[in-house]
Structure formats: structure tokens, C-alpha cells
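1. next comes the sequence, and after it the predicted model I'd like to discuss.
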Amino acid sequence: MLLSELMKAADYTGIINRSGLDPKTTDIHSLCCDSRKVSEDSVFVCISGSVNDGHDHAWGAYGHGCRVFVIEHAIKLPDDAFVIAVKDTRVALAQLSAAFYGYPAREMTVIGITGTKGKTTSSIMIYNVLRNSGISAGYIGSNGIYFGDTVLPTINTTPESIDLHCYMRQMLDAGVKTLVMEVSSQALKMARVHGIRFKICVFTNLSPDHIGEYEHADFNEYKECKRSLFTDYGAEYIVYNADDEHASSMIAGRRCKKASISLFEGADFYSKDIAYFRTSGCVGVSFTCVHGGEELSVSVPFPGEFSVYNALTAMAVCAELGLSVSEVAAALEGIRVKGRFETYELPNGATAVIDYAHNGVSLKAALQALRIYEPKRLICLFGSIGGRTRSRRAELGLVASRDADFCILTSDNPDNESPLGIISEIAEYFTSGTCPYIAIPDRREAVEYALKNSESGDIILLAGKGHESYQMIKGKRESFSEAEIIREFCEQYQPV
């Protein structure tokens, strides 16, 4: 793509060109915000991150042959560099990425789902229902990138804009015209989805999360970032959880078609007659969905009231896309979501559940949902991430110590922090009258201990890792899979 054409997409404030480079004859083969990936035919966009500033790596990109740079504050480069100045390099990266990949979002129906909890399960429910109904759909979110037979990993819930537009182009070239995307608060704050029009926007719920030194300054900033999805991205149809206290402020001022979901009468899609069931390898919930004066029985293989919300969300979104409520209900019965109440029946009669619950609100909801199934013991294995969001340690400790019968404190991406140091902070909240616990810093050993010491009728909640297939230790991702540990236990099990 010619640099002159690419530049038309960016709102630049100035150009520094002492090199004589002609944008009309300069062909650009790649956009980069990682200086290690550039070549002589690249444009390097200097992103100011929460930890690192891409402007500091411009010389590294120059050393790899790059001569075209996008900056938001002054840097010194050799005279043969072509420098494009902008107000915000994150916005510019999104603008340039969209243009470089031919504006794929303009040819797709994009569904954006935001909220504190429920994004992943709701998104994958919708994605699977659409595919089961013959609609070629794609998914981008915490669990990865899915379209056709392609499965790719993601580092962030919502990828960086340059990657996002690349994936959308791949999807579009493969015939995918409908995209279900989890939209995180960080993605909205960092302009990763800038310029994308979302036909359908979904609000699941809101509670404090991702507040800390390298994330959101406070709850209000977190909330306003979430809210921007509904105000700034062209929503034509909004699905929202009417039972959440923040729902009205989230969707205020939007004059578009809306559908409410609720556990109570009066919403566009609401539930009644909620019941819980437990079968081999499954803890689930059934309910009656009421919509448009009609009633329909629904059953999903996930526990808790929040699973009813997720299912109602899927029904509201898919109905807008032309599917009947009965079609959606039939498809929901067989859906499984990796790392979201991923359930295993153990040969000793206990049940292991892998879930991503990683903060106080989600852990409390998970434990309360599993308590309904009357386990002999409700065992909770968890840790807390190192390096950021330290406030989670208190809330996790308080919730688990009160709502579980026994806890195993362990590691969850400790990174450069001491696992024992993190565990000791959590353990402060296990006081007299709370449940007993044991500390096992090595997570593999902790999971193996939980499985070997479980008994028939126990439910073991392995909380925090969910879909993740790694442990972040001292800056490196080390391979780790709780599902694999469970499978090994089942294969090697010898009854006493």
C-alpha cells in the first residue's frame, strides 16, 4: 500500500521529512507497534503504553531498517527518517490498521459485548448458536480467535487494533460476515476498537475490577470506558441486563432499538421457574424463557443465575439476527465453553470445575452457584495475579474464607512477585471462624493435592486460570493446563 494512501486515514498534525522520501512512490508492506518486528518497508507507530513507551524503541526500529515513524511527542531521529506527528498514536494505529487491511469491519455485522462478568460465556454461546444455525460467524475474546476451522490464541481479551483488523480481514476473506467480540474496558481506553461500528452492543453487568496502577484509575473511569461502547460506536441495537444497577446509566441517551433481559417479569426476555440439575460431568440450570407473550423451556450446562443471564443474552442477540427463540434454546443445550465452569466427573465420585473466576465478585458468584448443588465439601483452589490489582487479594481471601468449606491457596500468574508473598497477603483474611486452608505455592502440586484428597460428593473449584494454558513466572509464560492435570489424574487413578 502506498504511504500517501495510508496517510489519508490518519488525523496527523504535521510531517517532518528531511529525507526527500516521496509518500506517493513509497510502498508500505507492514504496520508495526513492536520495534522487533519491523523491516525497511514498515511504518512503526510509537505507542505510549502503561509500562513501556514505544517512542523509546524508535531507534531500535530504525536499526532494523524502518524509516517511517508515527509519533505523538518529539523524538530525535536521523535526517533520513520520515516522521508523521499525531495527537494520539493509539488512535492513529487504529485508523492506519483499518485502512491497511481494507476496512474489513465495514463489511461485517460486528457484535460487541462488554461488562465485568459474562462476556466470554455469552459471546461463545452466541458464536456457537450462529454456527449451529448455518451462519458463518467468528469470535474474538479471552478464549482466543475462532472462525471456520481456525483457532488462534489471544494475549488480551480484545487484541491490539493492528491485530484486530488483521484477524477481521482473515475472517472476511474466509467468508465470515458476522463477528462476536468481547470488548474490554482496556480496549476501549486504549482505542483498540476505535472507528469500528458495532451493529449490536451488549451490556452484561458492572462491578469494580481492573482498577490499579497499570489499569483504571478508579471505578468511574472503568465504568465510563465501558459506557463508551454504547455511545461512541454506532450501536443500532442494544441488549442490556435490566437487573444491574448501572444499566440505565450505561445506555442513557442512546436512541436506538433496545432489548432488556431480566430474571423478573417485565423485560423483553425474562426467566421464571429456575431449577438446578447435576448430572455426570455437568452442573446446569433450566428455566422458562418468556418473550413476546410466549414461553419456552431452556436448559444450559452451566450453573447459577448468571448462566440464565448469559443464555437470555444469547437469545436476545440471536433473535435480532433472525433466529427463532426455539432455535437458540435448542442450540444452547449442548454448548461448552473452555475454562468457564468446565466440569469433570472424577473416578472417585468428586466433581472438578475449572473456572476463570479471578476477583471477589466472580469468585463469590461461582461458589454460591456451586453451593446450590449441595456438595459434601466445597473446595476452592485459587491464587491472585502478581504485579497488579493487589486489591483483589483481600476480596478473594474474604470471599473464599467465608463461602468455601476448605481452601487451597496457590499461585496464579505470580510473574515477578514471590508466590509465598501473595499467598500470605490472601491468608490474612482467613481468621477465626473462617474455613481451614493449606498453602501450596506450586499450582500443579496444589491441583494434584486437591484431586487426590477429594472424596465422593465433593466439588472442587479450580478458580482463576480458566482457559489459560500457561503460568506467568518471572516474565515468562510456562506451559500449564489444569484440564491436562485432571485428565492425567483420571487415567492414573487407582481406587483405594
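-> Thanks, I have it.
2. nearest residue to Ala9 in space, please, no chain neighbours.
-> Ala99 (3.6 Å; CB to CB, 6 or more residues apart in numbering). Glycine gets a C-beta too; all of them are placed from N, C-alpha and C.
3. Ala92 now?
-> Closest residue to Ala92 apart from its sequence neighbours, by CB to CB, 6+ apart: Val86 at 4.3 Å.
4. can you pull the contacts of the one you found?
-> Ala10, Asp11, Tyr12, Thr13, Val70, Ile71, Glu72, Ala92 (CB atoms under 8 Å, 6 or more residues apart in numbering).
5. that older thread, and the residue nearest to Ala9, that's in a helix?
-> Yes. Judged by DSSP: H, G, I helix; E, B strand; the rest coil, Ala99 forms part of a helix.
6. what's the neighbour count on it?
-> 19 (other CB atoms under 10 Å).
7. surely it meets Ser4?
-> No. Judged on CB atoms under 8 Å, Ala99 makes no contact with Ser4 at a distance of 11.6 Å.
8. what's Glu221 sitting at in phi/psi?
-> phi -60, psi -40 (degrees, to the nearest 10).
9. how much space separates it from Leu188?
-> Glu221 is 11 Å from Leu188, where distance means CB to CB, to the nearest Å.
10. neighbour-wise, which of those two wins?
-> Leu188 (23 against 15).
11. list the contacts of the more buried one.
-> Per CB under 8 Å, 6+ apart, neighbours of Leu188: Thr114, Cys225, Lys226, Ser228, Leu229.
12. ok, now with 6 Å
-> Residues in contact with Leu188 (CB atoms under 6 Å, 6 or more residues apart in numbering) are Cys225, Ser228.
13. secondary structure element for it?
-> Per DSSP states H and E: Leu188 is located in helix 185-189.
14. what is the mean pLDDT for that helix?
-> The pLDDT scores in helix 185-189 average 90.
15. do stretch 234-249 as well
-> The model assigns stretch 234-249 a mean pLDDT of 95.
16. what's the local residue count around Gly234?
-> 13.
17. for Tyr146, give the beta-bridge partners.
-> Tyr139, Val151 (DSSP bridges).
18. can you check which helix is longest in this structure?
-> As assigned by DSSP state H, the longest helix anywhere in the chain is helix 305-320.
19. quick one: pLDDT of Arg390?
-> Predicted confidence (pLDDT) for Arg390: 79.
20. change the start of the numbering to 55 and stick with it
-> Sure, I'll start numbering at 55, so the last one becomes Arg444.
21. so what's Gly393 up against?
-> Gly393 touches Ile408, Tyr410, Gly520, His521, counting by CB under 6 Å, 6+ apart.
22. I'd like to know how far the closest residue to the first one other than its chain neighbours sits from Leu463.
-> Right, the one you point to is Ile408. Excluding its sequence neighbours, the residue lying closest to Ile408 (CB to CB, 6+ apart) is Glu396, at 4.2 Å. Relative to Leu463, Glu396 is positioned 22 Å away (criterion: CB to CB).
23. pick out whichever of those two has more residues nearby.
-> Higher neighbour count among Glu396 and Leu463: Leu463, with 28 against 21, using other CB under 10 Å.
24. what is whatever helix or strand Gly166 lives in packed up against?
-> Using DSSP H and E, Gly166 sits within strand 163-168. Where contact means 3 or more CB pairs under 6 Å, 6 or more residues apart in numbering; DSSP states H and E, strand 163-168 is packed against helix 173-186, strand 232-236, strand 254-257, helix 273-286.
25. note down every partner strand of that strand and its orientation.
-> With DSSP bridges as the test, strand 163-168 pairs up with strand 232-236 (parallel), strand 254-257 (parallel).
26. mean neighbour count for these - can I get that in CSV?
-> Below are the strands paired with strand 163-168 laid out as CSV (neighbours: other CB atoms under 10 Å):
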stretch, mean neighbour count
strand 232-236, 26
strand 254-257, 28
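27. now the ones you listed in JSON lines, with distance to Ser196 and mean pLDDT?
-> Listed next are the strands paired with strand 163-168 as JSON lines, based on distance: least, CB to CB, whole Å; pLDDT from 0 to 100:
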{"stretch": "strand 232-236", "distance to Ser196": "6", "mean pLDDT": "97"}
{"stretch": "strand 254-257", "distance to Ser196": "15", "mean pLDDT": "97"}
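28. how about Val293, what does it touch?
-> Val256, Ala313, Thr367, Ala370, Val371.
29. ok, Asn182 next?
-> With CB under 6 Å, 6+ apart, Asn182 has these contacts: Ile389.
30. could you rerun that using 8 Å?
-> By CB under 8 Å, 6+ apart, the contact set of Asn182 is Ala385, Ile389.
31. what's the distance between the closest residue to Asp459 other than its chain neighbours and Arg442?
-> With CB to CB, 6+ apart as the criterion, Asp459 has its nearest non-adjacent residue at 4.4 Å, and that residue is Arg431. Per CB to CB, Arg431 is found 32 Å from Arg442.
32. can you check Ser239 too?
-> According to CB to CB, Ser239 stands 14 Å off from Arg442.
33. so for those two, which residue has more residues nearby?
-> Ser239 (27 against 18).
34. residues touching His109, list them.
-> Here His109 is in contact with Cys100, Ser102, Ile125, Glu126, His127, Ile129 (CB under 8 Å, 6+ apart).
35. same check on Gly74?
-> Under the criterion of CB under 8 Å, 6+ apart, Gly74 has no neighbours.
36. count the residues that sit near the residue nearest to Gly229 when sequence neighbours are not counted.
-> With sequence-adjacent residues excluded and distances taken as CB to CB, 6+ apart, Gly229 is closest to Ser190, at 5.3 Å. For Ser190, the neighbour count with other CB under 10 Å is 14.
37. hang on, Ser190 packs against Lys231?
-> Yes. The pair Ser190 and Lys231 passes the contact test of CB under 8 Å, sitting 6.4 Å apart.
38. from Leu400, how far out is the spatially closest residue to Tyr427 that is not a sequence neighbour?
-> Counting by CB to CB, 6+ apart, Arg332 is the residue found nearest to Tyr427 once chain neighbours are left out, at 4.9 Å. Separation of Arg332 from Leu400 (CB to CB): 14 Å.
39. stretch 416-430: how far from the chain's middle?
-> Offset of stretch 416-430 from its chain centre (CA atoms, centre = their mean, to the nearest Å): 22 Å.
40. and stretch 159-174, by the same measure?
-> 10 Å.
41. could you pull out the strands for the stretch 205-354 of the chain?
-> For the stretch 205-354 of the chain, the strands defined by DSSP state E, counting those that start in this stretch occupy 232-236, 254-257, 291-295, 311-316, 323-333, 336-345, 348-354.
42. the third one vs helix 359-374, what angle?
-> Same thing as strand 291-295. 160 degrees (axes from the mean of the first three to the mean of the last three CA atoms, to 10 degrees).
43. relative orientation of strand 291-295 and strand 311-316 in degrees?
-> Using the same axes, to 10 degrees: strand 291-295 against strand 311-316 is 20 degrees.
44. again with the longest one
-> Angle between the axes of strand 323-333 and strand 311-316 is 40 degrees (criterion: the same axes, to 10 degrees).
45. all set, thanks.
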